[in-house]
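In: Sharing a model prediction with you, sequence too.
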Amino acid sequence: MPIGLLKYGLARRYPARRQFPPERPLKPVYDIVIIGAGGHGLAAAYYLAKQWGLRNVCVLDKGWIAGGNTGRNTAIVRANYLTPEGVRFYAESVALFRELSQELDFNILYSERGHLTLAHTDAALRTARWRAEVNKHLGVSSELIGVDEIRRLCPVLNLSEEARYPVLGALYHPPGAIARHDAIAWGYARAAADMGVELHQHTEVTGIRRQGDRVVGVETNRGVISCARALQAVAGSSSRLAALAGFRLPIVTVPLQACVSQPLQPFLDPIVVSASLHCYVSQTPRGELVMGGAVDGYPLYQQRSTLDFKETLMSDLLELFPFLSEVKVLRQWAGIADMTPDFSPVMGETPLANYYIDAGWGTWGFKATPVCGKRMAETLATGAVPDLLRPFALQRFDSFRQLGERGAAAVGH
Ligand code: FAD
Ligand code: PYC
């Protein structure tokens, strides 16, 4: 339990904390400018201050803290990826997530539920077996299970052989979890601000100032800021920022939608994903069903919702849970997902010497927030990319060393 909460509960005089210190004026110079106050940018700022003692740092956001994909995702955390590079990376994130409430003294409502990826075809079973073997080899708990075991874990699931797409088996990943997504951003923001990091909301980066192959500052709607190093962590706006910096990314940008139901009595323990039916669902501690599917089928920079998404998603989900047909959907929303050709992120160096990138997070970047923040902070502080991040270099697209994670990217794409 977070210590602050305990103290607050037990000591009558313990003061309620402000969420964030008051905003300070924007300075003309910082050591490090971080563009984007989503979970990733804020986590990088936190670890820069905490682990590397670098506090002359600002985080700029054109909107507000966690107003991007950090506050729009479906909060699934897992490490059951397909490539060894991916599994190692996400496993470190799961380990950090487990300690994060204590680390930040902020309850992120981390809840380990187990994660079931259903297989309805022989091809899906093969991929599940492959993932299980890679996971086990690297010490991550995952196994291929049959229908009886699925029934034990999730008795409400339609496992009838008469179903339109009968379930043949599943990849079961016991550490699969959900968390309160915006709390993670708030927790990192508060802890970073307490150490002197400046957070500037409503501050849009409109240009990147260069001298040769070095960045010397950023232009914003509030003036120019000089800096020694910069990091872009802007998720769905990555290609736009890269264009301002003068390079291109192999990214296609598409909307990803999700929705949430009215609260129901707890009935669904594990997170259930069906790649073949393009849908997934989990139940929050408040009883709501959080539901989503595949990305929209065309490039677009918009956070709008569509009826088509809801209709398709509901017809797929009702195959798995027919008894939910009368449940009401309360809210629907979208985020902007930057999809890479290999369904893996891009982290590390760019063609500019002191300008770093944290991008390509498509539909999978929430679970990477702690590890990416920690390792990008290390990169910025030392100027050397840690071994864990090297496989995710932007340069891999020039040397044809892609990291194919499509088979583990949650829903069909
Ligand atoms: P963001 O939180 O988007 O932050 C980027 C920030 O940059 C924004 O606040 C934006 O305002 C700011 N910005 C942009 N341009 C500028 C500029 N020019 N100047 C200043 N600021 C700028 N991942 C999972 O692991 N599990 C899931 O279950 C999951 N579900 C998802 C469901 C949906 C519907 C969506 C949309 C995504 C989902 N994801 C999931 C992906 C995940 O949400 C993202 O990969 C992750 O949140 C990215 O975090 P971030 O901090 O990089 O980006
Ligand atoms: O990465 O697990 C995931 C996920 C689920 C839904 C969207 N992304």
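Out: Arrived safely. Ligands and ions are numbered 1, 2, ... in the order given.
In: What residues does the stretch 151-300 of the chain have near ligand 2?
Out: By C-beta under 6 Å from any ligand atom, the residues of the stretch 151-300 of the chain that approach ligand 2 are Tyr280, Gly292. C-beta here means a position set from N, CA and C on the backbone, and glycine is covered the same way.
In: Which part of the stretch 151-300 of the chain gets nearest to ligand 1, residue-wise?
Out: Nearest residue of the stretch 151-300 of the chain to ligand 1 (C-beta to the nearest ligand atom) works out as Ala235 at 3.1 Å.
In: Return the per-residue confidence for that residue.
Out: pLDDT, Ala235: 97.
In: That one and Asn69 touch, don't they?
Out: Yes. Using C-beta atoms under 8 Å, Ala235 makes contact with Asn69 at a distance of 4.8 Å.
In: partner residues bridging the residue of the stretch 51-200 of the chain found nearest ligand 2?
Out: In the stretch 51-200 of the chain, the residue that lies nearest ligand 2 is Ile76 (3.9 Å; C-beta to the nearest ligand atom). Beta-bridge partners for Ile76, by DSSP bridges, are Ile178.
In: Quick check: it vs Asp194, distance?
Out: Per C-beta to C-beta, to the nearest Å, Ile76 is found 29 Å from Asp194.
In: More neighbours: these two, which one.
Out: Neighbour totals were compared for Ile76 and Asp194, and Ile76 leads with 23 against 15 (other C-beta atoms under 10 Å).
In: quick one, helices of this structure?
Out: All helices of the chain, identified by DSSP state H, fall at 3-10, 39-52, 84-104, 122-137, 147-153, 181-194, 238-245, 307-320, 369-382.
In: Switch these over to TSV; also include distance to Val29 and mean pLDDT.
Out: TSV is the format used below for those (distance: least, C-beta to C-beta, whole Å; pLDDT from 0 to 100):
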stretch	distance to Val29	mean pLDDT
helix 3-10	33	74
helix 39-52	16	98
helix 84-104	28	98
helix 122-137	46	97
helix 147-153	55	98
helix 181-194	19	97
helix 238-245	19	98
helix 307-320	45	96
helix 369-382	16	98
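In: Highest mean neighbour count out of the ones you listed?
Out: Highest mean neighbour count among these (mean count of other C-beta atoms under 10 Å): helix 39-52, with a mean of 27.
In: Please put the alpha-carbon coordinates of it into CSV.
Out: The C-alpha trace of helix 39-52 is given here as CSV (Å, rounded to 0.1, in the frame of the first residue of the first chain):
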residue,chain,number,x,y,z
GLY,A,39,3.3,8.2,-19.4
HIS,A,40,6.4,7.7,-21.5
GLY,A,41,7.7,11.3,-21.4
LEU,A,42,6.8,11.7,-17.7
ALA,A,43,8.5,8.3,-16.8
ALA,A,44,11.6,9.4,-18.6
ALA,A,45,11.6,12.7,-16.7
TYR,A,46,11.1,10.9,-13.4
TYR,A,47,14.0,8.4,-13.9
LEU,A,48,16.3,11.2,-15.2
ALA,A,49,15.8,13.0,-11.9
LYS,A,50,15.7,10.0,-9.6
GLN,A,51,18.4,7.8,-11.0
TRP,A,52,20.7,10.3,-12.8
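In: and the stretch 251-400 of the chain, which residues reach ligand 1?
Out: Leu256, Ala258, Gly292, Gly335, Ala337, Trp361, Thr363, Trp364, Gly365, Phe366, Lys367.
In: Give me the most central residue, the chain.
Out: Nearest to the geometric centre of the chain sits Phe366, at 1.2 Å (C-alpha atoms, centre = their mean).
In: gap between Phe247 and ligand 2?
Out: 27 Å (C-beta to the nearest ligand atom, to the nearest Å).
In: now Ile251: how far from ligand 2?
Out: Applying C-beta to the nearest ligand atom to Ile251 and ligand 2 gives a distance of 17 Å.
In: Quick check: closest non-adjacent residue to that residue.
Out: Asp338 (4.7 Å; C-beta to C-beta, 6 or more residues apart in numbering).
In: Enumerate every residue touching the residue lying closest to Cys154 once chain neighbours are set aside.
Out: Sequence neighbours aside, Pro270 is the residue nearest to Cys154 in space, at 5.5 Å (criterion: C-beta to C-beta, 6+ apart). By C-beta atoms under 8 Å, 6 or more residues apart in numbering, the residues touching Pro270 are Arg113, Gly114, His115, Leu116, Leu153, Cys154, Gly176, Ser282.
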